[in-house]
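J.: 3D model of this:
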Amino acid sequence: MTQTQQSAGRARWVLVGLILALAAARLAQMWLLQHELQQTAALFVGLPTLIAVIITLTARPASLIGMIVTGITIAIVLSALVLGEGIVCLIMAAPLLYLIGILAGWATNLARMPGCGALRGGGRFTHFCFYPSSWC
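T.: Sure thing, here's the model as predicted:
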């Protein structure tokens, strides 16, 4: 089996895991609604915890960007535990969080590539990006 086929198989299992996480969350929500527990801690604590655990157990990121995206996803889900209904605002800002995380991962991967010249050497590129005082 080639590396590409292994990556495709791994990506399919990650997708299956996310689908199962969503299905489990929906079933849990339906159970909570059926038992009239929609305004209790079971909804605002239990459901996000269930989703975070399932994502943690099923996601196996193989790259830096994959790890960053998984970490952001788990952080967003777990923040629902403390934000309650305020999670809606965080979900609306999630695309920006993912964009920043992906760009940071991309820049780090670029800086680690052999033969990048100015991008290599003690993390100068990363230092330049994340410390504006070094721009002068």
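
J.: drop to CA atoms for contacts and neighbour counts, all remaining ones
T.: Will do.

J.: what's around the residue nearest to residue 91 when sequence neighbours are not counted, how many residues?
T.: Excluding the flanking residues, the one nearest residue 91 by Cα to Cα, 6 or more residues apart in numbering is residue 76, at 7.6 Å. Around residue 76 there are 19 other residues, counting by other Cα atoms under 10 Å.

J.: element containing residue 76?
T.: helix 64-83 (DSSP states H and E).

J.: Would you mark the buried spots in that helix?
T.: Buried residues in helix 64-83, defined by neighbour count with 16 or more other Cα atoms under 10 Å: 65-74, 76-81.

J.: Pick the one among these closest to residue 23.
T.: residue 77 (15.5 Å; Cα to Cα).

J.: so the helix or strand encompassing residue 56 versus helix 64-83, what angle?
T.: Per DSSP H and E, residue 56 falls inside helix 47-58. Counting by axes from the mean of the first three to the mean of the last three Cα atoms, to 10 degrees, helix 47-58 lies at 160 degrees to helix 64-83.

J.: just the strands in the protein please.
T.: Secondary structure of the chain (DSSP state E): no strands located.

J.: low pLDDT regions in it?
T.: Counting by pLDDT under 70, the chain contains low-confidence ranges at 1, 4-5, 7-8, 15, 40-44, 81, 84, 115-136.

J.: mind running it again at 80?
T.: Low-confidence segments of the chain (pLDDT under 80): 1-26, 29, 32-33, 37-61, 78-85, 112-136.

J.: All the helices of it, residue numbers only.
T.: 3-34, 41, 47-58, 64-83, 87-112, 124-130 (DSSP state H).

J.: ok and the fifth one relative to helix 64-83, angle-wise?
T.: Meaning helix 87-112. Going by the same axes, to 10 degrees, helix 87-112 makes 160 degrees with helix 64-83.
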